[in-house]
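# sequence plus the predicted model coming up.
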Amino acid sequence: MSKQMKRMMPAIVMVLLFSMILSACGGGKKTAEPTSNEPAKTTETTTGQTDTKTEPAPEGSYLDQAYAGKFKGTKVSMFGPFTDVDEQKFNAAIKEFEDKTGIDIQYEGSKEFEATIAIRVDGGNAPDIADFPQPGLLSTFVKQGKVIDITTFMDKAKLEKNYNKSWLDMANMDGPSGKVMAGVWNRSSVKSLVWYPKKQFDAAGYKVPETWDQMMELTKQIAADGDPAWAIGIESGAATGWPGTDWVEDIMLRTTTPENYDKWVKGELPFTSDEVKNAFKIMSDIWLNKDYVYGGVKSIVTTSFGDAPKVLFDNPPKAWLHRQASFITSFFPTTAKAGEDYDWFYLPPIDAKYGKPVLVAGDIYSMFNDRPEVRAVMEFFSTGESIKTWVQSGGVIAPMNDADLNWYSTDVDRRMAELVQSATTIRFDGSDLMVGSVGAGTFWKGMTDYVSGTVDLDGALNEIQSGFKK
Amino acid sequence: MRRHKRKGSKWLVNGILGFICLIWLIPTLGLFISSVRTPSDILQSGWWTIFPHHAWKTADQVTLPKDTDLKQLIGVLGQNYTDDQLKTGVNISDGRRLIWENRRNRIVNVQKKEWTANLNFTLDNYKNVLGGKQYEITQPDGSRKTEKGSNLSRSFINTLTVSIPSTVIPILIASFAAYAFSWMRFPGRKTMFIIVVALLVVPLQVALIPVLKNFTALGLNGNYLGVWIAHTGFGLPLATYFLYSYISQLPRDLFESAFMDGASNFTIFTRLILPLSVPALASIGIFQFLWVWNDYLVALVFIGSQPNVQVLSMRIAEMVGSYGNDWHLLTAASFVSMLMPLAVFFALQKYFVRGLMGGSVKG
């Protein structure tokens, strides 16, 4: 007996020691990082008393309370896709709010946001606020009832005053029991833009086209002068093809009604229908003409979307026009000056009867944990103030009406904001709204196959449509 | 005769090995060369162009009349060519070639083949990676302010904090287990061992969400302890199996004589097993360390990307920017991240070579 005990002793000691080490480490870490488990607990306690409607909030809105210093020392976790320079700009934009209110917004940016957010929410580790660049992704969480309806604590009239109706409609999503206002729009970008090298463009005597026909004339003229007019590239790693989807969406808005566009996005109007086919054909008139595209049709698929516009800045330019959203300026040479070396014009309307539609994209901030300080932060994000310094540093458009046009530091940015405000129709990037299997799947792939010549138009449209069955 | 044959096969084996090495080395070399080139150079020409090669060089330019019709045959230097020919380049007499320089201004290059090498190198990529990226952000008053992004040092230390315990803990447990499985008799030994082997084929991805749920409940998310435990769990089956196959092959006589002398299991483990299995421990140590060092998924799920805990692989992925506009930094960043695994490999490599088993039973 004692011999056996003796033999076992070292093993027991080791086990004890090991568990002690583990618990010691655990204890130390827990005190160092209380944020990870605290929010979850507090959520439970607050959701227990979420009788928000009976609470008239006598001291004003949560935002006012926050400015009064009521939530000093609290922390709000936030998760989104901003990394790198965007993260810096975001942090700069919220700094003043943090200093004034004492709320610490802990932003965590990840390149893999889309993949990670699902794991986090399913794993019960949802951030307080998440930033979705794709409303389609958000809608799946809304359906599961994981997202908090912001109208439970935000003044609806205030929201309606500060946002264009199209924006609010886009935030209104199907919840498990009726419609839910799933979040607030914060950062947005405009997609219907055609970039051109302004100085050389003017020197060559070209005029900015007002209609699609004029734009085709210009394309023809540039080709006759010896250059391909368009710089197009749709390579983007696993997402190759997406820049092409923007073209189709823009043309759809210009050749059919917004209602048809909405149906198309929902999957009710098939890709094989005449409307969509027509849009593809109009696009092909430019894309599949080897004299109109820099590097020829074959190079469209192999050119990275970010490298495509670089030829606009060669001297003399090797191509003259590039259709891409406002973010593309971050790929332009750092020496190029907005308004001098480059500028944009609005992708012109095709059919006058559909007015001036504008394709946009944006980030919607949604709330997963209901606490007073999170409410205050959400309210803050619905004001233009929350994005002011970011707007001033350029590259983004504020979707809020209380964002002053004077904030935009360049004319190039300001005109974008004006474009959105004067648009007859605003529609969100359709591929971001479609079901994932199409919007981030067959649409990209079908586009690529069509342009590379692997399938003909009907084949491509059937291929894209088949994604809805998945 | 026999000797010749052996020599021939040796050459063959060495040749094949050398070829495999070459195939493995070429991309690494390409990566390294790209890391010291400027982004525009990388875009315009391949990394192999830094070696002397035969390429077209413009020797002369011909300017055609402005009103030349590009749809017709185009006369250059007394000959007629089509537009397509001039676009792709057309060979003319004595090894020269004609190609458009600028179609708009109707300028044609006359090129000759010459030996050249692109020897335009820069250390900017490394500067940006090691020192942090510079951001030019326009301030509210219109001035431009340069802000410095964080550099790699913080995430380098974070990765070490993750990797070292995540290598030591599983190997420690696995060597205990391997010893027990091979030399101790206890009920359920076979069943337990089969379970361990069966766990080898379970992909860790299926465990992510359940484990995350438990971690959330325990408050282990986003800190080091959680990721240590995760890596330990995911690494244990392989480590146990690997060490088992080594430790079970140790000569039985050794332990019998040790038992005879009254050694306990613990003494045998620390005095005999551990020293004898250093080569195996070193190799599984290298495996596990490399796996943890290069891991992205487990860190992404269990640690996240808060700067104070973010690991190197995630930091590097973020360096390319929101739209992937700084892809050229990846080249330099991957070399920086390669340093540590290389150091570990070369430090432990000698244990592979040193045969500890030789002569251990003879005494």
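Noted; the coordinates are in hand.
# domain map for chain B?
For chain B, the domain assignment from automatic domain parsing gives the residue ranges B:1-35, B:52-116, B:152-357.
# quick one: buried residues of the first one?
Think domain B:1-35. By 16 or more other CB atoms under 10 Å in any protein chain shown, the buried positions in domain B:1-35 come out as B:31-35. C-beta coordinates here come from the backbone N, C-alpha and C atoms, glycine included.
# sorry, back to before: could you export the domains of chain B as JSON lines, including mean pLDDT and distance to chain A?
Rendered in JSON lines, the data for these read as follows (pLDDT from 0 to 100; distance: least, CB to the nearest CB, whole Å):
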{"stretch": "domain B:1-35", "mean pLDDT": "85", "distance to chain A": "15"}
{"stretch": "domain B:52-116", "mean pLDDT": "83", "distance to chain A": "3"}
{"stretch": "domain B:152-357", "mean pLDDT": "88", "distance to chain A": "3"}
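# what kind of secondary structure is B:Ala59 in?
At B:Ala59 the chain is in strand, as set by DSSP: H, G, I helix; E, B strand; the rest coil.
# returning to that earlier point: can you put the domains of chain B in TSV and add distance to A:Leu253?
What follows is those, written out as TSV (distance: least, CB to CB, whole Å):
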stretch	distance to A:Leu253
domain B:1-35	41
domain B:52-116	33
domain B:152-357	24
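# what residues does A:Leu253 make contact with?
By CB atoms under 8 Å, 6 or more residues apart in numbering or on different chains, A:Leu253 lies in contact with A:261, A:354, A:357, A:359, A:425, A:427.
# equivalent analysis for B:Gly304, please.
A:108, A:110, A:116, B:221-222, B:310.
# picking up where we left off before, hmm, which of the contacts of A:Leu253 is lowest in pLDDT?
Across these, no position has a lower pLDDT than A:Thr425, which has 86.
# tell me if I'm right that it and A:Asn260 touch.
No. Taking contacts as CB atoms under 8 Å, A:Thr425 lies outside contact range of A:Asn260: 11.6 Å.
# related to what we said a few turns ago, which single one of the contacts of A:Leu253 is nearest to B:Phe121?
Distances from the contacts of A:Leu253 to B:Phe121 were compared by CB to CB; the smallest belongs to A:Leu359, at 42.8 Å.
# tell me the secondary structure for the closest one?
strand.
# other residues contacting stretch B:332-342?
The contact list for stretch B:332-342 (CB under 8 Å, 6+ apart) reads B:31-32, B:35, B:125-126, B:128-130, B:152, B:156, B:159-160, B:289-290, B:293-294, B:312-313, B:316, B:319.
# using ChimeraX, define a selection of the buried residues within those residues.
A single ChimeraX command is used to select the members of the contacts of stretch B:332-342 judged buried by 16+ other CB under 10 Å:
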select /B:31,32,35,125,126,128,129,152,156,159,289,290,293,312,313,316,319
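# show me what the helix ranked longest in chain B is packed against.
Using DSSP state H to assign secondary structure, the helix with the most residues in chain B is helix B:2-35. Here helix B:2-35 touches helix B:329-353, going by 3 or more CB pairs under 8 Å, 6 or more residues apart in numbering or on different chains; DSSP states H and E.
# and chain A, what are its domain boundaries?
Described in terms of automatic domain parsing, the domain architecture of chain A consists of the residue ranges A:62-187+A:363-408, A:193-359+A:430-469.
# endpoints of the longest one, how far apart?
One end of domain A:193-359+A:430-469 sits 33 Å from the other (CA to CA, to the nearest Å).
# equivalent analysis for stretch A:321-339, please.
With CA to CA as the measure, the first residue of stretch A:321-339 is 15 Å from its last.
# would you mark the buried spots in it?
Burial within stretch A:321-339, assessed by neighbour count using 16+ other CB under 10 Å, is assigned to A:321-332, A:338.
# can you narrow the residues you listed to ones near chain B?
Among these, the ones lying close to chain B by the criterion of CB under 8 Å from any CB of the partner chain are A:327, A:330-331.
# by pLDDT, give me the weakest of these.
Within these, A:Ser330 has the lowest pLDDT, namely 79.
# which residue does the stretch 151-300 of chain A bring closest to chain B?
A:Gly226 (3.4 Å; CB to the nearest CB).
# where does pLDDT dip in chain A?
Along chain A, segments meeting pLDDT under 70 span A:1-59, A:470.
# spatially central residue in it, please.
Computing the C-alpha centroid of chain A and ranking residues by CA atoms, centre = their mean puts A:Pro133 first, at 2.9 Å.
# that one touches A:Asp432, doesn't it?
Yes. Taking contact to mean CB under 8 Å, the distance of 7.2 Å between A:Pro133 and A:Asp432 places them in contact.
# what's the overlap in contacts for those two?
Residues touching both A:Pro133 and A:Asp432 by CB under 8 Å, 6+ apart: A:Ala361.
# now do the strands in the chain.
This is for chain A. With strands called from DSSP state E, chain A shows them at A:75-80, A:104-109, A:129-132, A:172-175, A:178-181, A:184-190, A:193-196, A:322-323, A:343-346, A:357-367, A:425-428.
# wait, chain B
Under the criterion DSSP E, strands of chain B are mapped to B:53-63, B:74-76, B:79-81, B:90-92, B:96-102, B:107-116, B:134-138, B:144-148.
# put together TSV for those, with mean neighbour count on each row.
Supplementary listing: the strands of chain B in TSV, determined by neighbours: other CB atoms under 10 Å in any protein chain shown:
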stretch	mean neighbour count
strand B:53-63	12
strand B:74-76	17
strand B:79-81	13
strand B:90-92	14
strand B:96-102	18
strand B:107-116	16
strand B:134-138	15
strand B:144-148	11
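# B:Tyr244 is nearest to which of the ones you listed?
That would be strand B:144-148 among the strands of chain B, by CB to CB, at 50.4 Å.
# any part of that closest one near chain A?
Yes. Contact check for strand B:144-148 against chain A, using CB under 8 Å from any CB: residues in range are B:Glu147.
# that older thread, so which of the strands of chain B gets nearest A:Met252?
Ranking the strands of chain B by distance to A:Met252, with CB to CB as the measure, places strand B:134-138 first at 34.7 Å.
# list the strands paired with that closest one, with their directions.
strand B:144-148 (antiparallel) (DSSP bridges).
# who's in contact with the partner strand?
Judged by CB under 8 Å, 6+ apart, the contacts made with strand B:144-148 from elsewhere in the structure are A:88, B:131-139.
# repeat that for stretch A:152-171.
A:52-53, A:61-62, A:135, A:151, A:181-185, A:362, A:364, A:375, A:378-379, A:382-384, A:399-402, A:420-421, A:425-428.
# pull the distance from it to the chain's centre.
The chain centroid and the centroid of stretch A:152-171 are separated by 19 Å under CA atoms, centre = their mean, to the nearest Å.
# now residue 91, nearest residue through space, not along the chain?
Picking chain A for this. The spatially closest residue to A:Asn91, leaving aside those adjacent along the chain, is A:Tyr107, at 6.4 Å (CB to CB, 6 or more residues apart in numbering or on different chains).
# nope, chain B
Among residues not flanking B:Asn91 along the chain, B:Arg97 sits closest, at 5.3 Å (CB to CB, 6+ apart).
# wait, that neighbour touches B:Gln85, no?
No. B:Arg97 is not in contact with B:Gln85 according to CB under 8 Å; the separation is 10.5 Å.
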